[in-house]
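*Asks:* Next input, structure requested:
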Amino acid sequence: MSYPTILANIPNAVAEAVDDERGRQLRKFGNQLHKSNDLWALILAEEFGEVCKDILDGRNVRTELVQLAAVAIAWIEAVDARQEVID
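*Replies:* Numbering: from 1, shown residues only. I've put the predicted structure just below:
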């Protein structure tokens with residue numbers, strides 16, 4: 001399988017930041033593959049809310065965006081893991 005073109009063009013600093021955050025989440029919370037889509041939606045909404053709050057407060061949103069991206073990746077991992085069980 002070839003790597004998607006859009007993701008291949010993500011700057012290394014961005015990819016590394018999201019990867020580091022995903023690793024931090026795994027160390028802090030462990031494997032969260034068991035969570036439902038409803039719960040993942042709430043977690044992602046909370047992270048999005050933090051991005052919006054930083055915008056309103058005039059702060060740099062990068063850190064919160066990285067956390068948002070890492071949570072989205074975790075949710076995709078959970079969906080894929082559940083699909084493997086179903087298939």
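*Asks:* in the protein, which spans are helices?
*Replies:* All helices of the chain, identified by DSSP state H, fall at 5-8, 12-29, 37-56, 62-86.
*Asks:* Save those helices as a markdown table, and put in mean pLDDT and mean neighbour count too.
*Replies:* C-beta coordinates here come from the backbone N, C-alpha and C atoms, glycine included. Below are those laid out as a markdown table (pLDDT from 0 to 100; neighbours: other C-beta atoms under 10 Å):
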| stretch | mean pLDDT | mean neighbour count |
| --- | --- | --- |
| helix 5-8 | 75 | 8 |
| helix 12-29 | 96 | 13 |
| helix 37-56 | 97 | 13 |
| helix 62-86 | 91 | 15 |
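*Asks:* My guess is residue 65 contacts residue 48. True?
*Replies:* No - in this structure, residue 65 is not within contact of residue 48 by C-beta atoms under 8 Å, at 9.5 Å.
*Asks:* what residues are up against residue 34?
*Replies:* Applying C-beta atoms under 8 Å, 6 or more residues apart in numbering, we find residue 34 in contact with residue 78.
*Asks:* Relative to residue 81, how far out is it?
*Replies:* 9 Å (C-beta to C-beta, to the nearest Å).
*Asks:* Using PDB, write down the CA coordinates of stretch 72-85.
*Replies:* Provided in PDB are the C-alpha atoms of stretch 72-85 (Å, rounded to 0.1, in the frame of the first residue of the first chain):
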ATOM      1  CA  ALA A  72      -8.800  11.700  16.500                       C
ATOM      2  CA  ILE A  73      -6.000   9.200  15.700                       C
ATOM      3  CA  ALA A  74      -6.800   7.300  18.900                       C
ATOM      4  CA  TRP A  75     -10.500   7.200  18.000                       C
ATOM      5  CA  ILE A  76      -9.600   5.800  14.500                       C
ATOM      6  CA  GLU A  77      -7.400   3.200  16.200                       C
ATOM      7  CA  ALA A  78     -10.300   2.200  18.400                       C
ATOM      8  CA  VAL A  79     -12.700   2.000  15.400                       C
ATOM      9  CA  ASP A  80     -10.200  -0.100  13.500                       C
ATOM     10  CA  ALA A  81      -9.600  -2.500  16.500                       C
ATOM     11  CA  ARG A  82     -13.400  -3.000  16.900                       C
ATOM     12  CA  GLN A  83     -13.700  -3.700  13.100                       C
ATOM     13  CA  GLU A  84     -11.000  -6.400  13.400                       C
ATOM     14  CA  VAL A  85     -13.100  -8.100  16.100                       C
END
